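Undergrad: model this:
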Amino acid sequence: MKLAEALQERADLNKKISQIGERLADNCFVQEGERPAEEPARLLDELEAAVSRLELLIAAINATNNVTKVNGRTLTETIARKDCLILRINTLEQLISKASASVTRYTRREIKLMRTVDVSALRERTDALAKELRLLDNSLQEANWQTELVL
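TA: Numbering: from 1, shown residues only. All right, here's what the predicted structure looks like:
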């Protein structure tokens, strides 16, 4: 199994587990004398099977990420870099949005607010980080489809 397939299965299992939880909540009470639409015991068995499979899959994905190298870095290091790039980009975009907002003065006697950051330079920096993120994500996707899952 390719790493990309394992990642897809992990996403599917997470979704399935969430749905089972909702179904359990929907069937944990019934009126006296009624039967639930789905048997909670069967749903709990289904939940246990899905969570057990997810646990094995996560361990295999993490093991694979720790030994697979892309551009001299492990996938784990590359994913950490990607997460931090996203954090930087999001924070800079919030700053740009706030700093770009116009400040209205109704009279000349009101306090004039001045920007403390260079919005244009921040945009350039954000664009460069976004480009790095795109390239990094492309190499991650490529590696995911080329790498066999460590079992």
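Undergrad: what packs against the least confident helix or strand in the chain by mean pLDDT?
TA: For the chain, using mean pLDDT, DSSP states H and E, the weakest element among its helices and strands is strand 69-70, scoring a mean of 96. Contact partners of strand 69-70 among helices and strands, from 3 or more CB pairs under 8 Å, 6 or more residues apart in numbering; DSSP states H and E: helix 119-146. In this view, the C-beta of every residue, glycine as well, is placed from N, C-alpha and C.
Undergrad: Where do the domain boundaries of the chain fall?
TA: Listed domain ranges for the chain are 1-67, 70-151 (source: automatic domain parsing).
Undergrad: Those domains into JSON lines, with extra columns for mean neighbour count?
TA: Formatted as JSON lines, those follow (neighbours: other CB atoms under 10 Å):
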{"stretch": "domain 1-67", "mean neighbour count": "13"}
{"stretch": "domain 70-151", "mean neighbour count": "13"}
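Undergrad: looking at those, which one has the lowest mean pLDDT?
TA: Of all the domains of the chain, the segment with the smallest mean pLDDT is domain 70-151, scoring a mean of 94.
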